[in-house]
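**Student:** Predicted model, plus sequence, below.
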Protein chains: 2
Amino acid sequence: MIETPYLLFLGDAPDQLAAKVAQGIKDWRPENAVGQFRMPGCKADVGLTDMTLEEGKAAGARTLVIGVANRGGVISQAWKDVLIEALGMGYDLASGLHNLLANEGDLVAASQVHGQTLHDVRVPNVQYPIADGKKRTGKRVLAVGTDCSIGKMYTALALDRAMQEKGMKSTFRATGQTGILITGAGVPLDAVIADFMAGAVEYLTPDNDADHWDIIEGQGSLYHVSYSGVTLALIHGGQPDALIVCHEPTRKTMRGLPEYKLPTIQQVIDLALPLARVANPACEVAGISINTQHLGEQEALDYCAKVEAEMGLPTVDPFRHGAGRLAEALAKL
Amino acid sequence: MIETPYLLFLGDAPDQLAAKVAQGIKDWRPENAVGQFRMPGCKADVGLTDMTLEEGKAAGARTLVIGVANRGGVISQAWKDVLIEALGMGYDLASGLHNLLANEGDLVAASQVHGQTLHDVRVPNVQYPIADGKKRTGKRVLAVGTDCSIGKMYTALALDRAMQEKGMKSTFRATGQTGILITGAGVPLDAVIADFMAGAVEYLTPDNDADHWDIIEGQGSLYHVSYSGVTLALIHGGQPDALIVCHEPTRKTMRGLPEYKLPTIQQVIDLALPLARVANPACEVAGISINTQHLGEQEALDYCAKVEAEMGLPTVDPFRHGAGRLAEALAKL
C-alpha cells in the first residue's frame, strides 16, 4: 500500500528514542529505506546515509516516512516546510503521528496539487467489534514490559524471525504505527476508541492453525499510568498462551513520568500473569527479553545470565543475540 | 444544556438491565422525568407512568431521552419511527448510544425541519491530554466492581448524597452516558481514544481542596475482558485514595460473556489494589457495596453482615440502606 523504498524523515528528534519508527524500519526492513533526512538540531541517527530530499529522490525513494514520534504528536511549521517541499518533488508521505497529515490543510492542498498520497497509518480503517472473549484456536504470545519504548516490538519481530528460521508457523501482529509501517498491516491500538480496544486485538489475532503462533506486539506497560489501559486490552483481547517480559536495565524512571520508578521484572509478572489468566487460565511466562543497548558485550551477557538464574526463565537480548531460545521455549509449551 | 423535564424512551428493551440509563435518571433526578415511553415487547419498567408522546408533551416534557442501551448501540428502524415522530411534536432528543443521533441522516433532517436539537452525550467534546501521573491535591474514591452493570454508578451517587448530608465536600464525577445525562457533566470514557483515557480521568478530577472528595464513577471490571482497559485507565488516571468494591451476589457469569464466571470480592481486591498503588501508594479499600436488588430484606442484611465479617470492611447496599457507613469510612482515612 505504501510505495517503497522510503526516505526516513527524522526531523528535529530530541533524542534517539524519539526516532523509534525510523530505527524499526532500518533494523527490520533495511531494504525499504535508501537513507535518512535530518534537520538542524536533530539528536537521532539511525545509521543510514544522510540525504537531502534531492539525494533521496535520486536514490529512488518514493515515500518520505515520518520516522520520528513526538509526545502528543504535533506537526511543527519547520517540519511542514520540508514535507511540502517533498510533495512538490514527487514524494508520497507516510506518518503514524497522532496529528494526522489529512487534517493539515496545507499538506492536503500540496498533495492534491502534486498528485501525491498522504498515508496516516495511525487511523483505524476498520469498525472493530466489542470483544466477546471466546477462546480462539491457535497460539498467541504477547510482549509485556516494565515500561513503554523498551523493546517489545523488537522482541516480537525477532521472535517472528527466529520462529520462521525454525520452520514454526508464526505471524507478527503489529499494534502500533511503527509495526504497521514495517509490515503494512495491523491495528493502531492507541488510536482505537476505548470500548473497542480488546475487540480490535481479537480481530487482529483470529482463529488459526493449532500450531500457529500469533506474535502480538505489546504497547505501554501495566506500570505506565498514561497507557496501562491499552496494555490490559492487549492482555485480555489477545488471550495469550505465553508472555515475554521485556526490560531495559539502565532505565530508572518510567518514560515521560519522572516521578515513577521502573518496576522489577517480578513485579510485572505478579500483575500481568493473574490478569492474563482471566482470559486464558493456561497462560505462562515463557521468557524474558532484555534490551541491552546501553550495556557492553560482556555486561549484556552477564546481566542476562544473572536474570536467568534469578527468574528460572530463558533470558536473552533478542536483537543482539537472537530470539532462538525464546522460540524454543514457546515450542515446548 | 439538555432541556428538562424528560420523557424516558425505553424502546423494546430486552431486559431491565438494558434500561440502566432511564432507571438512573428516575432514581437520582426523578423531578426531571414526567414518565416512560415503552414500545411493544419492551421488557423493562422503571416504575414511572407509561405515556404516549402526546401525553408526555401534555405533561410538559421537552426532551425524549433514550433511556435504553443496546450492546453495540444500534438504532433500529422501529426506534427511528418514534424518534422522528417525537421531533415532529417538538421534542429534543438526547442519547448516550454508541451510534450517534448526529450520524443518522433521517434524524438530522427531521431535527432541522422541526428546529429541534440532537444531544449525543457520548461524544467527547474536549481534546483530552495524555496523563502525566502527577499527584493532585484533594481526595478521590473510585468504585470498582466484580462485573459491569453491577451498581458502581449508584454506589457513587449514593456516596455523594451521604457525604453531602454529613457536610463533607464531595463531587460525583460521571464517566458514562447515564451519569452525564443525570448530572449534565462528565467524561464519556468508553468513547475516548485509547491513548487519552487516563488523561481524560485526570482532567475530570483536577486539583481540589485537601478535604474535598471526588467520587469517580467506575466502568467495566478488571475481570471483564471486553472493557478491562477502561477500568485500568480509571484506576491509574483517577489515582484514588480509596476504592469501594461493588458486587451483585446473584450474578453467576460476566455480563455478555457467558463463558466467564464472576470473580469474588477478594479476587477484585487482589488485582485492583496493587494496580491502584502504582499511581497512589496510599490507596486503601474503604468498603464494599452490595447490590441486593434480587434479595429479600432480611437476606440482604444477612448477606452484607456475612461479607462484612469475612472481609473486615464496612459492607452496605448504598441504594437500599444508604451509604452513610461508607462515607464515614472515607472520612476516617
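**Tutor:** Happy to help now that I have it.
**Student:** Could you double-check that A:Lys26 lies in contact with A:Asp45?
**Tutor:** No - shown here, A:Lys26 and A:Asp45 do not form a contact pair, counting by CB atoms under 8 Å, at 10.4 Å. Where you see a C-beta, it was placed from the backbone N, CA and C, and this is true even at glycine.
**Student:** Between these two, which is the more surrounded one?
**Tutor:** A:Lys26 (21 against 15; other CB atoms under 10 Å in any protein chain shown).
**Student:** residues touching the closest residue to that one other than its chain neighbours, list them.
**Tutor:** Spatial nearest neighbour of A:Lys26, excluding adjacent residues (CB to CB, 6 or more residues apart in numbering or on different chains): A:Val46 at 4.7 Å. Applying CB atoms under 8 Å, 6 or more residues apart in numbering or on different chains, we find A:Val46 in contact with A:Leu8, A:Leu10, A:Ala19, A:Ala22, A:Gln23, A:Lys26, A:Gln36, A:Gly67.
**Student:** about what we covered before: which residues are in contact with both of A:Lys26 and A:Asp45?
**Tutor:** A:Gln36.
**Student:** What segments of the stretch 151-300 of chain A are strands?
**Tutor:** For the stretch 151-300 of chain A, applying DSSP state E, counting those that start in this stretch gives strands covering A:169-173, A:212-216, A:242-247, A:253-254, A:257-261, A:284-290.
**Student:** With respect to B:Cys246, which of those strands lies nearest?
**Tutor:** strand A:257-261 (28.1 Å; CB to CB).
**Student:** mean confidence for the closest one?
**Tutor:** Averaged across strand A:257-261, pLDDT comes to 97.
**Student:** What is the host helix or strand of A:Val141 packed up against?
**Tutor:** In the assignment (DSSP states H and E), A:Val141 maps to strand A:139-145. Packed against strand A:139-145 by the contact rule (3 or more CB pairs under 8 Å, 6 or more residues apart in numbering or on different chains; DSSP states H and E) you find helix A:152-165, strand A:212-216, helix A:228-238, strand A:242-247, helix A:265-279.
**Student:** Where does the prediction get shaky in the stretch 1-150 of chain A?
**Tutor:** Counting by pLDDT under 70, the stretch 1-150 of chain A has low-confidence residues at A:70-73.
**Student:** ranges for the strands of it?
**Tutor:** Counting by DSSP E, counting those that start in this stretch, the strands of the stretch 1-150 of chain A are A:6-11, A:33-38, A:63-66, A:92-95, A:118-120, A:139-145.
**Student:** could I get these as TSV with distance to B:Ala210 and mean neighbour count?
**Tutor:** Output for these, formatted as TSV (distance: least, CB to CB, whole Å; neighbours: other CB atoms under 10 Å in any protein chain shown):
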stretch	distance to B:Ala210	mean neighbour count
strand A:6-11	43	27
strand A:33-38	49	23
strand A:63-66	45	26
strand A:92-95	44	25
strand A:118-120	44	20
strand A:139-145	36	27
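**Student:** remind me which residues of the stretch 151-300 of chain A are low pLDDT?
**Tutor:** Judged by pLDDT under 70, the stretches of the stretch 151-300 of chain A that qualify are A:184.
**Student:** what does it have sitting close to chain B?
**Tutor:** Within the stretch 151-300 of chain A, the residues that sit near chain B (CB under 8 Å from any CB of the partner chain) are A:189-195, A:197-199, A:222-223, A:225-233, A:236-237, A:239, A:254, A:256-257, A:259-260, A:263, A:270-271, A:274-275, A:278-279.
**Student:** Apply 7 Å and report the result again.
**Tutor:** Contact residues (CB under 7 Å from any CB of the partner chain) of the stretch 151-300 of chain A with chain B: A:189-195, A:197-199, A:223, A:225-230, A:232-233, A:236, A:257, A:259-260, A:271, A:274-275, A:278-279.
**Student:** Of those, keep whichever come out buried.
**Tutor:** Among these, those classed as buried by 16 or more other CB atoms under 10 Å in any protein chain shown are A:189-195, A:197-199, A:223, A:225-230, A:232-233, A:236, A:257, A:260, A:271, A:275, A:278-279.
**Student:** and A:Leu159, what does it touch?
**Tutor:** A:Leu159 makes contacts with A:Ile215, A:Pro318, A:Ala323, A:Leu326, A:Ala327, as judged by CB atoms under 7 Å, 6 or more residues apart in numbering or on different chains.
**Student:** try 8 Å this time
**Tutor:** A:Val141, A:Ser170, A:Ile215, A:Ile244, A:Pro318, A:Ala323, A:Leu326, A:Ala327, A:Leu330.
**Student:** again with A:Asn32
**Tutor:** A:Thr4, A:Pro5, A:Tyr6, A:Ile25.
**Student:** cutoff 6 Å now
**Tutor:** Residues near A:Asn32 by CB atoms under 6 Å, 6 or more residues apart in numbering or on different chains: A:Thr4, A:Pro5, A:Tyr6.
**Student:** beta partners for the closest residue to A:Glu284 other than its chain neighbours?
**Tutor:** Nearest non-adjacent residue to A:Glu284, counting by CB to CB, 6+ apart: A:Ala242, 5.7 Å away. On DSSP bridges, the residues paired with A:Ala242 through beta bridges are A:Val141, A:Glu284.
**Student:** Now for A:Ala242, how many residues are close by?
**Tutor:** Counted with other CB under 10 Å, A:Ala242 comes out at 22.
**Student:** how close does the residue of chain A most remote from its centre get to A:Ala78?
**Tutor:** Distance from the C-alpha centroid of chain A, by CA atoms, centre = their mean, peaks at A:Val113 (33.2 Å). Between A:Val113 and A:Ala78 the distance is 21 Å, computed by CB to CB, to the nearest Å.
**Student:** same deal with A:Ala300?
**Tutor:** 37 Å.
**Student:** Have a look at these two and say which one is more surrounded.
**Tutor:** Ranked by neighbour count (other CB under 10 Å), A:Ala300 and A:Ala78 place A:Ala300 first, with 20 against 12.
**Student:** need the contact list for that one.
**Tutor:** A:Ala300 touches A:Thr292, A:Asp317, counting by CB under 6 Å, 6+ apart.
**Student:** hang on, isn't A:Gln16 packed against A:Asp45?
**Tutor:** No - shown here, A:Gln16 and A:Asp45 do not form a contact pair, counting by CB atoms under 6 Å, at 7.4 Å.
**Student:** tell me the contacts of the nearest residue to A:Ser289 once chain neighbours are set aside?
**Tutor:** In this structure, A:Ser289 finds its nearest non-sequential neighbour in A:Thr155, 4.2 Å apart by CB to CB, 6+ apart. Applying CB under 6 Å, 6+ apart to A:Thr155 gives the contacts A:Ala143, A:Ile244, A:Cys246, A:Ser289, A:Pro318.
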